[in-house]
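# Generate coordinates for the sequence data below:
(one chain, ligands or ions: 2)
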Amino acid sequence: MKNPELQLLIYGKNLKGSGLKINYPGVNVRQVHEVENANYLFVDLYITPEAGAGRFEIELNKTVPVKRGKTMIDQPVKVTRSYELKTRDKHPQEINSKDFVYLILPDRFANGDPSNDRFAGMADSVADRANPYLRHGGDLPGIQNHLDYFTELGVIIFWLNSVIENDQSQTNAGGAMRSAYHGYDFTDQYAVDRRLGGNEAYKNLIDAAHAKGLKIMQDAVYNHVGINHWILRDLPMKNWLNQWDTYTNTSYRDESVFDLNHGSVSDFNVQQNGWFVPFLPDLNHHNPFVANYLIQHALWTVEYFGIDGWRVDTYQYNDLEFMNRCNNALLSEYPGMFITAENAVNTAVSQAFFVRNNLYLPFKSTCPSPNDFVFYNAINAALNEKFDWGSGFNKLCTMLAQDIVYENPNLNLTFLDNPDQNRFFSVVGEDLRKYRQGITFC
Ligand SMILES: [Ca+2]
Ligand SMILES: [Ca+2]
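Ligands and ions are numbered 1, 2, ... in the order given. Modelled structure (predicted):
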């Protein structure tokens with residue numbers, strides 16, 4: 001990697017006070033951080049170009065007092081963990097505005113392996129196709145079985161709703177029990193959900209898709225994790241999360257982030273550090289260990305699975321300096337990589353603030369592309385409102401003229417629907433002419 005630094009999180013019972021040894025050419029231990037919780041060590045490594053692929057042992061040594069007869073003696077204890085440096089063999093492909101993106105909700109597309117539909121040990125062990133709020137058993141092998149279907153449609157990019165493990169209980173929302181089948185409640189960043197087929201199935205799908213000339217865009221969530229995330233059961237430090245004395249929800253108001261003239265610090269803090277919902281705790285990006293954990297996971301994902309682009313969920317709720325660090329880490333290793341930010345906003349200025357733009361403001365985002373919600377709203381107006389001076393098709397013209405605020409509007413990810421919108425065919429009253437016109441605008 002261009003960046004020679006790597007921070008390992010080591011978890012185990014009472015690791016505090018351990019000596020740490022690694023004996024592997026090119027791998028140097030820079031610093032061992034002890035934190036509030038004695039069960040964690042954060043280890044800074046420096047990997048020189050001489051380090052070859054291979055496996056090495058991390059050796060932890062400490063002495064613990066044990067009782068021998070009537071006296072206490074210090075007994076040496078050694079714990080080892082194995083770590084592997086892999087050969088780099090993945091190369092993200094370029095994504096541009098010519099590529100047709102097809103969004104798949106993996107749980108709902110095709111069930112390629114009924115044996116993985118449910119696992120008794122998971123917090124939600126139900127799969128029931130008759131219930132629209134619960135899991136249906138769809139998985140990554142199911143998608144892989146249909147690759148020819150996509151190439152026949154002219155699809156170039158798959159965008160999968162997040163495939164990362166969501167070992168969350170069902171939640172009661174809107175009067176119904178609901179599963180986290182959508183994938184946005186991460187409980188272990190380094191595991192693809194077993195019900196989708198796990199890490200190997202994701203690797204296999206991506207390799208097979210690449211072999212057919214398809215590309216993969218992955219959904220990323222940096223703002224929050226699911227409340228069943230393994231690390232929440234034994235937090236490394238209290239400020240791993242943005243904690244409040246009493247529960248505080250984000251306001252969801254994007255204006256609080258960019259309103260430099262009239263905004264208040266209080267509104268900004270609530271928007272940024274309030275929780276998305278009570279079961280999605282907000283991560284504290286000002287904690288450097290949290291920031292490293294998330295950034296390294298993004299790099300690992302590209303290297304391990306070979307994804308080609310990122311769609312970043314709930315972008316406006318993240319600390320934006322952290323997001324720049326994360327974007328820059330990816331763009332430094334993979335120049336030109338496509339990263340697109342989700343912000344369900346209503347104005348071009350707001351949308352532009354969160355990406356590379358032509359605005360003269362003290363903060364400059366390094367995210368190359370927005371999911372173009374402003375364009376989406378304008379298409380709906382163009383196809384569904386009465387044509388007049390300020391309505392209908394004129395809204396689309398007005399909106400397109402505002403593309404001057406983006407550094408490169410051709411990177412805007414235009415769309416007709418997404419995981420949070422009604423299906424576009426319904427939005428245009430199931431009128432096939434309007435549907436075709438919408439596709440043409442996109
Ligand atoms: Ca299945
Ligand atoms: Ca936040």
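# How about stretch 188-206 and ligand 1, touching?
No. Legend: contact between stretch 188-206 and ligand 1 by Cβ under 5 Å from the ion is lacking; minimum distance shown is 6.5 Å. Using the backbone N, CA and C atoms, a C-beta is placed for each residue, glycine as well.
# What is the end-to-end distance of that stretch?
20 Å (Cα to Cα, to the nearest Å).
# Show me what the helix ranked longest in the chain is packed up against.
Taking DSSP state H as the criterion, the chain has its longest helix at helix 288-305. On a contact count with 3 or more Cβ pairs under 8 Å, 6 or more residues apart in numbering; DSSP states H and E, helix 288-305 meets strand 5-11, strand 188-192, helix 198-211, strand 215-220, helix 320-333.
# quick one, which of these is packed in tightest?
strand 215-220 (a mean of 22; mean count of other Cβ atoms under 10 Å).
# which residues sit against that strand?
For strand 215-220, the external contacting residues (Cβ atoms under 8 Å, 6 or more residues apart in numbering) are 93, 95, 99, 101, 156-163, 183-184, 206, 209-210, 298, 301, 305-313, 338, 340.
# now do 6 Å
93, 157-159, 161-162, 206, 307-313 (Cβ atoms under 6 Å, 6 or more residues apart in numbering).
# how about the residues you listed in a markdown table, adding secondary structure and pLDDT?
Listed next are these as a markdown table, based on DSSP: H, G, I helix; E, B strand; the rest coil; pLDDT from 0 to 100:
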| residue | secondary structure | pLDDT |
| --- | --- | --- |
| 93 | coil | 94 |
| 157 | strand | 96 |
| 158 | strand | 92 |
| 159 | strand | 95 |
| 161 | coil | 94 |
| 162 | coil | 94 |
| 206 | helix | 97 |
| 307 | coil | 97 |
| 308 | coil | 97 |
| 309 | strand | 97 |
| 310 | strand | 97 |
| 311 | strand | 97 |
| 312 | strand | 98 |
| 313 | coil | 97 |
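# where do the helices sit along the stretch 51-200 of the chain?
Ranges of helices within the stretch 51-200 of the chain are 106-109, 140-144, 147-153, 198-211, based on DSSP state H, counting those that start in this stretch.
# Name the residues of the stretch 51-200 of the chain found near ligand 2, please.
Counting by Cβ under 5 Å from the ion, no residue of the stretch 51-200 of the chain is near ligand 2.
# For the stretch 51-200 of the chain, which segments count as strands?
54-68, 71-85, 101-104, 157-160, 164-165, 171-173, 176-178, 188-192 (DSSP state E, counting those that start in this stretch).
# Give me the distance between residue 257 and residue 250.
11 Å (Cβ to Cβ, to the nearest Å).
# typo on my end, residue 152
In terms of Cβ to Cβ, residue 152 sits 42 Å off from residue 250.
# So these two - more neighbours on which side?
Neighbour count, other Cβ atoms under 10 Å: between residue 152 and residue 250, residue 250 has more, with 23 against 9.
# so what's the spatially closest residue to that one that is not a sequence neighbour up against?
Sequence neighbours aside, residue 274 is the residue nearest to residue 250 in space, at 3.6 Å (criterion: Cβ to Cβ, 6 or more residues apart in numbering). Contact analysis of residue 274 by Cβ under 6 Å, 6+ apart lists 248-250.
# low-confidence ranges in the chain?
Scanning the chain for pLDDT under 70 picks out no residues.
# Looking at it, which residue reaches furthest from the middle?
Taking Cα atoms, centre = their mean, the residue of the chain most remote from its mean C-alpha position is residue 70, at 54.8 Å.
# my guess is residue 44 meets residue 30, correct?
Yes. If you go by Cβ atoms under 6 Å, residue 44 and residue 30 touch, sitting 4.1 Å apart.
# Neighbour count for the two, which is higher?
Neighbours per residue, other Cβ under 10 Å: of residue 44 and residue 30, the larger number sits with residue 44, 15 against 11.
# For the more buried one, give me its contacts.
Neighbours of residue 44 in contact, by Cβ under 6 Å, 6+ apart: 7, 30-31.
# Specify which member of those residues is nearest to ligand 1.
residue 7 (35.4 Å; Cβ to the ion).
# So residue 231, which state does it fall into?
helix (DSSP: H, G, I helix; E, B strand; the rest coil).
# To clarify, my last question referred to residue 20.
Assignment for residue 20 (three-state DSSP): strand.
# So which bits of stretch 257-268 are buried?
Within stretch 257-268, the residues that qualify as buried are 257-258, 267-268, counting by 16 or more other Cβ atoms under 10 Å.
# Return the distance of residue 440 relative to ligand 2.
Distance, residue 440 to ligand 2, using Cβ to the ion, to the nearest Å: 37 Å.
# what's the answer for residue 430, then?
Applying Cβ to the ion to residue 430 and ligand 2 gives a distance of 38 Å.
# who in the stretch 51-200 of the chain is up against ligand 1?
So far as Cβ under 5 Å from the ion goes, the stretch 51-200 of the chain lies against ligand 1 at 111, 113, 116-117, 137, 139.
# Looking at those, spot the one nearest ligand 2.
Taking Cβ to the ion as the measure, ligand 2 lies nearest residue 139 of those, at 30.7 Å.
# My guess is that closest one contacts residue 198. True?
No. Residue 139 lies out of contact with residue 198 (Cβ under 6 Å); the separation is 9.5 Å.
# from the chain's centre, how far out does stretch 21-30 sit?
31 Å (Cα atoms, centre = their mean, to the nearest Å).
# And that stretch, end to end?
11 Å.
# Just the buried positions in it, please.
Here stretch 21-30 shows 24, 26-27 as buried, counting by 16+ other Cβ under 10 Å.
# ok so, going back, what's the closest of the contacts of strand 215-220 to ligand 1?
Distances from ligand 1 to the contacts of strand 215-220, taken by Cβ to the ion, are shortest for residue 161, at 15.4 Å.
# What residues does the closest one make contact with?
105, 182-183, 219, 419.
# returning to that earlier point: would CSV of the helices of the stretch 51-200 of the chain with distance to residue 228 be doable?
Formatted as CSV, those follow (distance: least, Cβ to Cβ, whole Å):
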stretch, distance to residue 228
helix 106-109, 17
helix 140-144, 22
helix 147-153, 33
helix 198-211, 18
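# Need phi/psi at residue 237.
phi -160, psi 160 (degrees, to the nearest 10).
# ignore the last one, residue 175
According to degrees, to the nearest 10, residue 175 has phi 80, psi 10.
# Next, count neighbours for it.
Counted with other Cβ under 10 Å, residue 175 comes out at 5.
# Please apply the same query to the one 3 residues further on.
Each residue near residue 178 was counted by other Cβ under 10 Å, and the total is 18.
# And the helix or strand hosting residue 397, what's buried?
Of the helices and strands defined by DSSP states H and E, residue 397 is found in helix 393-401. If you call a residue buried by 16+ other Cβ under 10 Å, then helix 393-401 has these buried ones: 393-396, 399.
# from those, which single one is nearest ligand 2?
residue 399 (28.3 Å).
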